[in-house]
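Trainee: No letters, just coordinates:
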């Protein structure tokens, strides 16, 4: 099968884990015998190139970004001209490539993919990887398991926006309100298209599909679960390799507790910071390392917390290899974090929260320890338990690696995706 991936970002722009998921998925499809090409906006790279064996076609959008984790401005992605440019690029690539299906990998690729699909008479599949087609901020999910039934533009501005401004400290609130209004309207228009069009939908977890269904954004019968793929190759670093890795990051040779992700409220970074103080009181030898974009907290006496900022994927993998414990303390229902898969692939014990897609990726007390969200004391207790018990760390890590090999093996994930493709073509 010849498949076009339509995505907002692709290498060298990596603002989140989606890009790595797409690369692994493209490789797995190619290994199965399918052909994959990527169509994506061009923020300042060659218009055509091959990235790790996958052809990439980039179309101009009038916006330049440095390689890395920065996102494009809202005005670039949410406007009719962007959708038309995306559709035209997909039509041209589809004809040249002989495409049989278009797979929109993110929300801002949906409109262009749908238009191109209509033009070329090709089926279109959409992946749901976040909650952006429900609400641009979804602050309700920080305290609720599902979106309230009275979700609306008015509720967003009157109730949700003030919470968002307070928690994220946004100074220009008038401009932020206008941006939220635009994004909310954009999401509602896209979900109307989602519900009315003949569009196949896949979700990265059953949890994300359930939230969309309960919010009325997709039809009850829509949606098939297709999980993310774990790293292709990962293994524990031999003891001899630990010292140079730690030295490269300026870290001491002490037990390392690793957090990977944006330093944001939804990802649970403030909970991690508070828990680090509780752990340090009992384990002063522990070193807490955070990798991701966001402002670092003020130093705290007696807590060795290192915020390393955004790092290349290879550097993050090196940190996984030397970590004693990995934490994923999400407060919102994380759709399906790559952290859980990456920690498992490296055989590392994980402490995660019992919400969203995380319970689908791990098994409590067999491959990880799960705690309630927004509970720094429970998070700290779990971390201290693991730091004190090397046998438990080895047991959970081995169980996690075995579960990844069984449940998230490329052959099974690709077969689920190809079944969604067959449904779409039918």
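Mentor: That came through fine. Predicted, not measured: the structure shown is a model, and the values here were computed from it. Numbering: from 1, shown residues only.

Trainee: For the stretch 251-400 of the chain, which segments count as strands?
Mentor: In the stretch 251-400 of the chain, the segments counted as strands under DSSP state E, counting those that start in this stretch are 256-260, 287-291, 305-309, 325-328, 350-353, 368-371.

Trainee: got the contact list for the fifth one?
Mentor: In this case it means strand 350-353. Around strand 350-353, the neighbours that count as contacts under CB atoms under 8 Å, 6 or more residues apart in numbering are 268, 325-331, 334, 339-340, 343-344, 358, 362, 367-373, 379, 382-383, 386, 396, 400. Any C-beta I mention is one placed from the backbone N, CA and C, and that applies to glycine too.

Trainee: how about the strands of the stretch 251-400 of the chain in a markdown table, adding mean neighbour count, mean pLDDT and distance to residue 87?
Mentor: Conversion of the strands of the stretch 251-400 of the chain to a markdown table gives the following (neighbours: other CB atoms under 10 Å; pLDDT from 0 to 100; distance: least, CB to CB, whole Å):
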| stretch | mean neighbour count | mean pLDDT | distance to residue 87 |
| --- | --- | --- | --- |
| strand 256-260 | 25 | 98 | 35 |
| strand 287-291 | 22 | 98 | 36 |
| strand 305-309 | 16 | 96 | 36 |
| strand 325-328 | 28 | 98 | 37 |
| strand 350-353 | 28 | 98 | 39 |
| strand 368-371 | 24 | 98 | 42 |
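
Trainee: Give me the three-state assignment for residue 127.
Mentor: What DSSP: H, G, I helix; E, B strand; the rest coil gives for residue 127 is strand.

Trainee: quick one, what contacts it?
Mentor: For residue 127, the contacting residues are 103, 104, 105, 106, 202, 203, 204, 226, by CB under 8 Å, 6+ apart.

Trainee: Pick out whichever of the residues you listed sits closest to residue 11.
Mentor: Using CB to CB, residue 105 comes nearest to residue 11 of the contacts of residue 127, at 13.4 Å.

Trainee: quick one: low-confidence ranges for the protein?
Mentor: Scanning the chain for pLDDT under 70 picks out the ranges 170-171, 233-240.

Trainee: do that again at 50, thanks
Mentor: For the chain, the stretches flagged by pLDDT under 50 are 234-238.

Trainee: For it, which helix extends over the most residues?
Mentor: helix 173-196 (DSSP state H).

Trainee: got a list of contacts for it?
Mentor: Under the contact criterion CB under 8 Å, 6+ apart, helix 173-196 has outside partners 74, 78, 107, 110-111, 114, 126, 132-137, 153, 156-157, 161, 164-165, 170, 199, 201, 217-219.

Trainee: next one: it to chain centre, how far?
Mentor: Between the centre of helix 173-196 and the centre of its chain there are 21 Å (CA atoms, centre = their mean, to the nearest Å).

Trainee: Also stretch 269-286?
Mentor: Centroid displacement of stretch 269-286 relative to its chain, using CA atoms, centre = their mean, is 25 Å.

Trainee: Kindly present the contacts of residue 127 as CSV, with separate columns for distance to residue 295.
Mentor: Output for the contacts of residue 127, formatted as CSV (distance: CB to CB, whole Å):
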residue, distance to residue 295
103, 35
104, 32
105, 29
106, 26
202, 34
203, 31
204, 28
226, 34
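
Trainee: For these, give me a markdown table that also has neighbour count.
Mentor: Converted to a markdown table, the contacts of residue 127 look like this (neighbours: other CB atoms under 10 Å):
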| residue | neighbour count |
| --- | --- |
| 103 | 28 |
| 104 | 27 |
| 105 | 26 |
| 106 | 24 |
| 202 | 26 |
| 203 | 26 |
| 204 | 26 |
| 226 | 22 |
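
Trainee: one step back: now the buried members of the contacts of helix 173-196.
Mentor: Among those, the ones that count as buried by 16 or more other CB atoms under 10 Å are 74, 78, 107, 110-111, 114, 126, 132-137, 156, 161, 164-165, 199, 201, 217-218.

Trainee: that older thread, just checking, which helix or strand succeeds the longest helix of the chain along the chain?
Mentor: Sequence order places strand 200-203 as the next helix or strand after helix 173-196, per DSSP states H and E.

Trainee: Residues contacting that following strand, please?
Mentor: Strand 200-203 is touched from outside by 123-128, 194, 209, 212, 218, 222-226, 335, 417, 420-421, 423-424, with contacts defined as CB under 8 Å, 6+ apart.

Trainee: Out of these, list just those in helices.
Mentor: Among the contacts of strand 200-203, the members found in helices (DSSP H) are 194, 209, 212, 417, 420, 421, 423, 424.

Trainee: Mark which of those residues are buried, thanks.
Mentor: Using 16+ other CB under 10 Å as the burial test, the ones in helices among the contacts of strand 200-203 include 194, 209, 212, 417, 420, 421, 424 as buried.

Trainee: The strands of the stretch 251-400 of the chain into a markdown table, with extra columns for distance to residue 90?
Mentor: Output for these, formatted as a markdown table (distance: least, CB to CB, whole Å):
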| stretch | distance to residue 90 |
| --- | --- |
| strand 256-260 | 33 |
| strand 287-291 | 34 |
| strand 305-309 | 35 |
| strand 325-328 | 35 |
| strand 350-353 | 37 |
| strand 368-371 | 39 |
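
Trainee: Among those strands, which comes closest to residue 64?
Mentor: strand 305-309 (21.4 Å).

Trainee: Next, the angle from the closest one to strand 256-260.
Mentor: Interaxial angle of strand 305-309 relative to strand 256-260 (axes from the mean of the first three to the mean of the last three CA atoms, to 10 degrees): 40 degrees.
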